[in-house]
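[1] would you be able to build a 3D model of this:
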Amino acid sequence: MDELDETSAETKATYDKIRDWVGDNYQLHVTNLNIAQVKRKNGIELRENYNKPKSDDSRQPGITPEKEKAITEALKHFKMI
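    Just a heads-up that it's a prediction; the model follows:
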């Protein structure tokens with residue numbers, strides 16, 4: 001029976017699955033950056049990013065409230081929050 005239990009990796013959604021779910025349910029296009037921003041805001045640990053900006057004062061674009069809400073709903077749907 002232990003063989004049939006899901007691992008933690010199997011219960012988590014990939015960025016592609018989250019992007020597809022948001023597109024299907026909200027008809028919005030979200031990027032990996034948008035998803036990472038919402039995950040970070042909700043306290044979900046992210047891996048180390050090796051594509052760091054060259055300057056310390058570089059800025060990232062913000063996320064619209066409707067995209068943030070849609071991604072948050074996707075994370076709830078996939079039981080990540």
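[2] list the residues that contact the spatially most central residue of the chain.
    Centroid-nearest residue in the chain, with CA atoms, centre = their mean: Ile35, separated by 3.3 Å. Residues near Ile35 by CB atoms under 8 Å, 6 or more residues apart in numbering: Tyr15, Ile18, Arg19, Ile71. C-beta: built from backbone N, CA, C; applies to glycine.
[3] doesn't Val30 make contact with the third one?
    Yes - between Arg19 and Val30 there is a contact under CB atoms under 8 Å: 5.7 Å.
[4] what ranges does this protein have for its helices?
    When secondary structure is read from DSSP state H, the chain shows helices at 8-11, 15-26, 32-41, 65-77.
[5] redo those as TSV? Include distance to Arg47 and mean pLDDT.
    Output for those, formatted as TSV (distance: least, CB to CB, whole Å; pLDDT from 0 to 100):
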stretch	distance to Arg47	mean pLDDT
helix 8-11	13	56
helix 15-26	12	97
helix 32-41	10	93
helix 65-77	17	97
